[in-house]
Structure formats: structure tokens, C-alpha cells
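**Student:** got a predicted model here, sequence first, then my questions.
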Amino acid sequence: MDRRRTLVALVVAALSLLLAMGTVAAQSENRDLIDGLEYQLLYVALPLTLFVLLILVYAAVKFHDNDDPQPTTEDPALEITWTVATALILLFVGLSGYSVLVNPYVSPSQALEGEDTSQDGFDSFADLPDTDDEEVHVRGYQWEWQATYPEANVTTESEIVIPADTDVTFWLTSDDVVHSLFVPDLGVKQDAFPGDYTRARTTVSEPGRYDAVCAEFCGAGHSRMDGSIVVVERDTYDEWLAANEGTITDAPDPG
């Protein structure tokens, strides 16, 4: 009876977790892709886990007092079945993961056809290829983030402002050591290397302020190297750029 209650409790807890996760709306294309992959894998892994647990409980109950255990009878059909089943599961996991990894929001090098997305041989932000996205130049240094908007020559410190419902490219570099821009709620993570330029890409649907941190240990002030991604409506973004052209300023209120 205790074993049955434990098993029922595990099933209820797992289903409650699935329902709770499903009620959280993704705020960006990146987060939506990552969450979708997690749900796919979870929906496959959960019934398999419960199936294995049921077999384990059954075997423990049925054979716990067996004083003369015998080896399992050789069964080629059974061995072929579980080998094929395992191969199919691994194939599903591989294809699901691949479909997300090659998406241009997760791997920006797979971006729009015809773009030059190579990140080799660039000496400055001015040498970077043009994209069809709204572009922000992000520079990491011990221990802050600095964002520059090349078209308006606007600069912010520890706040990166982007328009909602717009494809945005972050070009990242570092002045000193390796840093990593990580925005958990948006599913954005990209390293910034000294002397190199890397690309992160996203589109965010919901205006607001999202926490950003450095995810690569970068010295004594690493834990203090945080900031915000401030997402505002497109009109607010354009007005903010026009009003602060050529200045270092604060982010607008996301509303």
C-alpha cells in the first residue's frame, strides 16, 4: 500500500509540474524554442520513466522472496525490440535538438539567407556585416555592459534597450577578459571575447525589464556584473533614440 501511495504521489507531482510549466508564456522567440524543446523531451521522458518505475516496483514485489533466482531466458525478439525502441528515442531526441539548434535565433550564423554572418576578420564594429535586424553594439568590461546604437550614436550603461516585436541583433565584444551576456527570461546567451565579435539574435514580444547577468567568471567583480534588457514599444524606442542622439543616457520606462 505504501508503495502504491508513493507511486501515485510521484505521478501527481509530475503532472502538476507539467501543468505549472505550461502556464508560463514565453517572452521571446528564443525562450519559446527552448521551452518547446524541453516540453517535447519531457513528454517523452515522463511516460518512459513511469514505465520503468512500474516494472521496477513489479519486480521488487513479485520476486522479493525468491530464494532460487534464475537468469532471464534468452529472447532475441525482446532484445531486438528494446534496441530498436532505444534507437528511435535517440533519433527523436537528436532531430528535436537539431531543429532548435539550427534556428537563426539560437544559432545566428543560420540567419537570413544571403547574409554574411561570418565573425572572422573584423577589427571593429564598423567592419561588421549589415543585417536586416535592429542592431545594438554591446561591449563587456570589468564589470559592466555598455550598449551603443550606431545609427543614433546613443550609449547606455548596464541597460540594453530594444524594441518589442522586432528582430534584434546584439554584436558583442569584450575590452579585457571573456564575458557572457545571459538573459534567462529571454533565452539569450552569448559569449563576448576580447578582440572578436559574436552575435546574438532575438525578438521579444512583451515590453518590460529583463535581468541580464554575466555567465562567465571574469574576476573579483563578476557577481556584480549585471544589467537589464529594457524592451519598449517601437514608437517609444524611436522617440528615445531621436531625443538622445549623441549622448550617454538612461533607458526609457518600458511602461
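**Tutor:** Right, received. Where do you want to start?
**Student:** the helix ranked longest in the chain: what's the following helix or strand?
**Tutor:** In the chain, with assignment by DSSP state H, the single longest helix is helix 29-62. Sequence order places helix 76-101 as the next helix or strand after helix 29-62, per DSSP states H and E.
**Student:** quick one: mean pLDDT over that next one.
**Tutor:** Averaged across helix 76-101, pLDDT comes to 91.
**Student:** also stretch 180-194?
**Tutor:** Throughout stretch 180-194, pLDDT has a mean value of 94.
**Student:** tell me what the helix or strand harbouring residue 189 is packed against?
**Tutor:** Element membership for residue 189 (DSSP H and E) is strand 188-192. Strand 188-192 sits against strand 134-141, strand 168-174, strand 179-183, strand 198-202, with contacts defined as 3 or more CB pairs under 8 Å, 6 or more residues apart in numbering; DSSP states H and E. (C-beta placed from N, C-alpha, C; glycine too.)
**Student:** measure residue 52 to residue 42 for me?
**Tutor:** Look at residue 52 and residue 42: by CB to CB, to the nearest Å, they are 15 Å apart.
**Student:** pretty sure residue 189 contacts residue 182?
**Tutor:** Yes - counting by CB atoms under 8 Å, residue 189 touches residue 182, with 4.6 Å between them.
**Student:** any common contacting residues for those two?
**Tutor:** Residues touching both residue 189 and residue 182 (CB atoms under 8 Å, 6 or more residues apart in numbering): residue 215.
**Student:** if we can go back for a sec, so residue 52 and residue 42 - more neighbours on which side?
**Tutor:** residue 42 (14 against 10; other CB atoms under 10 Å).
**Student:** and that one, what's its pLDDT?
**Tutor:** 90.
**Student:** distance of it from residue 96?
**Tutor:** 11 Å.
**Student:** and this structure, what are its domains?
**Tutor:** 2-64+76-101, 125-243 (automatic domain parsing).
**Student:** looking at those, spot the one closest to residue 255.
**Tutor:** Nearest of the domains of the chain to residue 255, taken as CB to CB: domain 125-243 at 6.1 Å.
**Student:** so how far is the closest one from its chain's centroid?
**Tutor:** Between the centre of domain 125-243 and the centre of its chain there are 15 Å (CA atoms, centre = their mean, to the nearest Å).
**Student:** any idea how far apart the tips of that domain sit?
**Tutor:** End-to-end distance of domain 125-243: 23 Å, with CA to CA, to the nearest Å as the criterion.
**Student:** then stretch 166-184?
**Tutor:** 19 Å.
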